[in-house]
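Participant: the amino acid sequence is not available; the structure is as follows:
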């Protein structure tokens, strides 16, 4: 599937930073990971740390799927508000999923430090009401998060204006959040783990998968085989073709990035992560090279052609959306792009085993929290491989 179009900021900024080879011989390993983007890279990182031999295989050049199109906002908030998620999956599972996302941000920060990855910055998250009618909604959400133990504050219109200078009737300020670069993080992880024995191949499409009695055998488009004890599906939304039941709805999302603002040290208070209660929601963040990223204007995905034709229109609308929030900041658009993402019935990812495909694990971080979900998947899949019991698996299982 064609997952992205346009000029993704991360790809334009960093290009193709490292070269990887194609599969050119028969291989044998403990785990074969299909997908070399951020999900596959994090799974490989955790498994390799346990001295588990892994082979990562990607049909594309590494990172050119969803990872390069990610706007890389790290939040513990998922696409389904906590107070609504409680009604869907119960209080414990809802609170636990939010807490796991918060812990994932901390774990990602520790990984960035471990591998000396420079593109990671902690930031507060600012969730503001798009309309007056959303005030009660925000109050319910604030109560749910506060009861769950999160460090949050509920701000009224005057407090919002004083803190960040925008006209919004209310907002929730959260202390936990961060911004990164999923595309480059995937590359840094691969480079770090290659030194620890990881094998990474790209431009090698897996065309045949055989789930055998004692493991999995895959064959690439060039006819080479990889024998493994276990297989991890980390191809994101493309993995749905291996799942019999409908688990995800595909949507198109759009993003833009501004020209550089020379010498600007701060665009708004602490350059917090900004997003609102609109549906679809508008979100904004800054970059380390003095730019502003704006995203949103999602709609149902029908086909890549239709999605791509809307890039210009959607990007102009995003400029207008930003200017309504910050009329004093002249936004000069430089890059624009579109991506395809998936939403689930409850906003949670699918992680773990799937009964009809033995010896396999899935790391499907659907939704707006793809990076934090991928980190959670890496931890849970490592526990599965090692035979460690982990009660959190039931929260993200295919049987939920």
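Facilitator: Okay, I see it. Just so it is clear, the structure is predicted and the values come from calculations on it, not from any experiment.

Participant: next, count neighbours for residue 284.
Facilitator: Per other Cβ atoms under 10 Å, the neighbour tally for residue 284 reads 25. Placement of C-beta: from N, CA and C, glycine included.

Participant: what packs against the helix or strand hosting it?
Facilitator: In this structure, residue 284 is located in strand 283-286 according to DSSP states H and E. The helices and strands touching strand 283-286, judged by 3 or more Cβ pairs under 8 Å, 6 or more residues apart in numbering; DSSP states H and E, are strand 273-276, strand 292-300.

Participant: show me which residues of the host helix or strand of residue 141 are buried.
Facilitator: Here residue 141 is covered by helix 135-147, with elements defined by DSSP H and E. Residues of helix 135-147 classed as buried by neighbour count (16 or more other Cβ atoms under 10 Å): 135, 137-138, 141-142, 144-145.

Participant: below-threshold pLDDT in the stretch 51-200 of the chain: ranges please.
Facilitator: By pLDDT under 70, the stretch 51-200 of the chain has no low-scoring segment.

Participant: could you pull out the strands for it?
Facilitator: Along the stretch 51-200 of the chain, counting by DSSP state E, counting those that start in this stretch, strands occupy 54-57, 73-74, 121-122, 125-128, 152-156, 170-174, 178-179, 199-201.

Participant: tell me where the stretch 201-350 of the chain has helices.
Facilitator: Using DSSP state H, counting those that start in this stretch, the helices assigned to the stretch 201-350 of the chain run over residues 304-309, 311-325.

Participant: could you say what helices and strands the longest helix seen in the chain packs with?
Facilitator: Longest helix in the chain, counting residues (DSSP state H): helix 91-114. Using 3+ Cβ pairs under 8 Å, 6+ apart, the elements in contact with helix 91-114 are strand 73-74, helix 82-89, strand 178-179, helix 182-194, helix 370-386.

Participant: ok, 7 Å please
Facilitator: If contacts are counted by 3 or more Cβ pairs under 7 Å, 6 or more residues apart in numbering; DSSP states H and E, helix 91-114 sits against helix 82-89, helix 370-386.

Participant: burial measure for residue 242, as a count.
Facilitator: 15.

Participant: OK, contacts around it?
Facilitator: If a contact means Cβ atoms under 7 Å, 6 or more residues apart in numbering, then residue 242 has 233, 357 as its contacts.

Participant: can you check residue 154 too?
Facilitator: By Cβ under 7 Å, 6+ apart, the contact set of residue 154 is 138-139, 142, 170, 172.
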